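>>> The following block contains a protein sequence and its predicted model.
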Amino acid sequence: MTEEKRVRRLLQGNEAIVYGALAARCRFFAGYPITPASEIAEQLSVRLPAVNGTFIQMEDEIASIGAVIGASLAGVKAMTATSGPGFSLMQENLGFACAAEVPCVIVNVMRGGPSTGLPTSPAQGDVQMARWGTHGDHPIIVLAVSSVLDSFTITVKAFNLSERYRVPVLVLSDEVVAHTRESVELPLNSEVKVVDRIAPGMPPDWYKPYQEDARGVPPMAAFGDGYRHHVTGLVHDQDGFPTQNPQEVEKFHHRLSMKITKGLDDIQLTRKFYMEDAEFFVIAYGSVARSALRAVEEARRAGIRAGLVQLITLFPFPRRTLTPYLQQCHSVLVPELNLGQISREVQRINQGLCTVVKQNRVDGKLITPQEIYSRLVKLSAGPAG
Amino acid sequence: MPPSIQALTHIYFRHNKKFPHVWCPGCGNGIVMGALLRAITRLELEKDEVVLASGIGCSGRMPTYLDFNTLHTTHGRALTFATGIKLANPALNVVAIMGDGDATAIGGNHLIHAARRNLNLTAIIINNSIYGMTGGQYSPTTPFGSTTTTSVYGHIEHAFSIAELAVTAGASFVARSTVYHAALADQLIEQAMLKPGFAVVEIISNCHVQYGRRNQIGNAIDMLNLFKEQAVTVKKAATMDSEELREKITIGVLADRDLPISTNEYKRIREQARADQGKKSI
Ligand code: SF4
């Protein structure tokens, strides 16, 4: 056997998601074609069967996520990929996965919206929908990718978080990241850290599928492995059966939230650039973070003390990371390809600490480094700038 | 001697968990549940080998009471979840239990595509011509002219024939019974579960509380008697014209055909993909 060698590959973001999913040992994909996410389905239809996995093209997006949840309940790591309109359709069963605590990964390659919107233009308009699209209070994890390499590593991370916390994890990409080709050297499969869900260790008769424990994440049995249990989207007790008992209902909601809160340090991922002595900074994510980094570097060259915090985890919103910087700096710029969906979160946690400045573009075009740079120059003139 | 219903309840019910059940006294859902359990007993399946997936509505509660791997999904989506389970673990016997609104309104698209796709799944559709749990609104199988809470002036749409829809959509096996014909129902479920490929069993059931009462048919017994009168076998139906069949319920096996099953076909794809990957790294 020849030794596995790392190779440089010229990949687009969508392809890197496929590599990431396979490295994370995803073995099931159900989806419905949609621009600009289709390459993910196409490539997995070729590659999954070779690793004993399964690909299926369903009749619509509702069916796709239904099949993903079914596969996950049968013990297989499963994902789907879509874009805005398809993501809207998935919201119903996304809520089911939250309530029944079924691990799964959903990639949304964002395009312009609302409705059919701008199918082949980049946008970041689905950020709040990713957090709150399905009804009711529920925890969820939303990650954003900004490059081809990210598309690989964050997809792996998404599976790992999903399995560790038994929660659906959403990966937001955008049309630019999805279709830009970059040369990347991916780690070998043996180098990738893969997390698997915790199987029950007790005898089947003792198994309570939703029992509270210190971590708040109960072990998960698969259908067919001897731990017969009931799974429902209704509010359920620790045995998994529907309940309307106020105490049990409250416990259900609190445990769902608590398991995420307990894992915040593990879940909230950010990257920091030039933040040590920054006087003001940029908060950006997705393809915009790349323009922002370039702009901040330009600003530094011009002697301006700017910094960047790139958000990888959008939700739960990384308040703990950002608050010290909001205290340290006099202003923060939040460029986004929407009318202000994350700047809203920044304003929410800012509480008057510094000045929050929005920079938005919704014309289907990128925010360029130059645009961000010129805003930084203005900001460097001080709070009044 | 087939085991008595009492013996079956001892074996299969989740006694200490979720009883009493939510169904009205006399509801046909209980008869269907009995039929399913008798079929499973005769098939000698282990509890761990069976997955029951349901949608939403009165029928959707059935899996809750039974000691198998059970799943209560979103409205209309039981077949989509079942599809994922079956593909991920083809060794499991997956049965989807749906109501008429569940399977043919919100889930209509999933039903026809599941039939076309032909996975080795069994769908039991309990058809009581009404939305029972939400208070008696009309469903896709409510007969023309009927009174429901959303058609108090008489229903002006035409009903689906679920079994015929499944035949046309390409299911491998399609059969129909009524809850009056309980023994037939469990034979048909058994046949459906044995049949390789997608199998549909439609069981005409009584919702005397929401449908029978409003349409002056009477109580549960009256509805069962009506089903008895209306039923004609497939064989008999073949000798009748459409006018004679208008008020009748055709019972028995409507379609039984051998078609390639997609899980088996997928094995071929896996071999092909492995062979291709051996040749070049994709
Ligand atoms: S409402 Fe109708 S279908 Fe529902 S349990 Fe009562 S009788 Fe049965």
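That came in fine, so what should we check first? Residues are numbered from 1 along each chain as shown, chains lettered A, B, ... in the order given.
>>> Report the residue spans of the chain with pLDDT below the cut-off.
Using chain A here. A:1-3, A:382-385 (pLDDT under 70).
>>> Let me rephrase: I mean chain B.
Confidence mapping of chain B against pLDDT under 70 gives the ranges B:1, B:17, B:280-282.
>>> Tell me which residue is most central in it.
B:I124 (1.5 Å; CA atoms, centre = their mean).
>>> Where does that one sit, in terms of helix or strand?
Per DSSP states H and E, B:I124 falls inside strand B:122-127.
>>> near chain A, anything from the helix or strand following that strand?
Where DSSP H and E defines the elements, the next helix or strand beyond strand B:122-127 is helix B:162-169. No - Helix B:162-169 lies out of reach of chain A by CB under 8 Å from any CB of the partner chain, never closer than 11.5 Å. Glycine gets a C-beta too; all of them are placed from N, C-alpha and C.
>>> got the angle for helix B:162-169 vs strand B:122-127?
If you take axes from the mean of the first three to the mean of the last three CA atoms, to 10 degrees, helix B:162-169 sits at 140 degrees to strand B:122-127.
>>> And the contacts of helix B:162-169?
B:100, B:103-104, B:111-113, B:115-116, B:123, B:125, B:127, B:141, B:174-176, B:200, B:202, B:250, B:254-255 (CB atoms under 8 Å, 6 or more residues apart in numbering or on different chains).
>>> before we move on, what about stretch A:232-248?
Contacts of stretch A:232-248 (CB under 8 Å, 6+ apart): A:95-96, A:99-100, A:208-212, A:218, A:229-231, A:249, A:252-253, B:17-18, B:64, B:71-74.
>>> if we can go back for a sec, mind listing what the residue nearest to the centre of chain B touches?
B:I124 is in contact with B:32, B:36, B:95-98, B:189, B:192, B:201, B:203, counting by CB under 8 Å, 6+ apart.
>>> Just to be sure, which of the residues you listed are found in strands?
B:95-98, B:201, B:203 (DSSP state E).
>>> Return the member of the residues you listed nearest to chain A.
If you rank the ones in strands among the contacts of B:I124 by distance to chain A using CB to the nearest CB, B:A96 comes first, at 10.4 Å.
>>> Just to check, that closest one is in contact with B:T122?
Yes - the criterion here is CB atoms under 8 Å, and B:A96 meets it with B:T122 at 7.1 Å.
>>> the more surrounded of these two?
Ranked by neighbour count (other CB atoms under 10 Å in any protein chain shown), B:A96 and B:T122 place B:A96 first, with 33 against 26.
>>> Leaving out the residues flanking it, which one is nearest to B:A171?
B:A115 (4.1 Å; CB to CB, 6 or more residues apart in numbering or on different chains).
>>> residues in contact with the residue of the stretch 101-250 of chain B found nearest chain A?
Using CB to the nearest CB, B:H113 is the residue of the stretch 101-250 of chain B that sits closest to chain A, at 4.1 Å. Shown in contact with B:H113 (CB under 8 Å, 6+ apart): A:58-59, A:63, B:169.
>>> quick one on the thing from earlier: what subset of the contacts of stretch A:232-248 is buried?
Buried members of the contacts of stretch A:232-248, counted by 16 or more other CB atoms under 10 Å in any protein chain shown: A:95-96, A:99-100, A:208-212, A:218, A:229-231, A:252, B:18, B:64, B:71-74.
>>> Among those, name the ones in helices.
Filtering the buried ones among the contacts of stretch A:232-248 for membership in helices, criterion DSSP state H, returns A:95-96, A:99-100, A:252.
>>> tell me the phi and psi of the one residue in the stretch 151-282 of chain B that gets nearest to chain A?
With CB to the nearest CB as the measure, B:A273 is the residue of the stretch 151-282 of chain B nearest to chain A, at 3.8 Å. Here is the backbone geometry of B:A273 (degrees, to the nearest 10): phi -60, psi -40.
>>> which residues touch it?
By CB under 8 Å, 6+ apart, the residues touching B:A273 are A:46-50.
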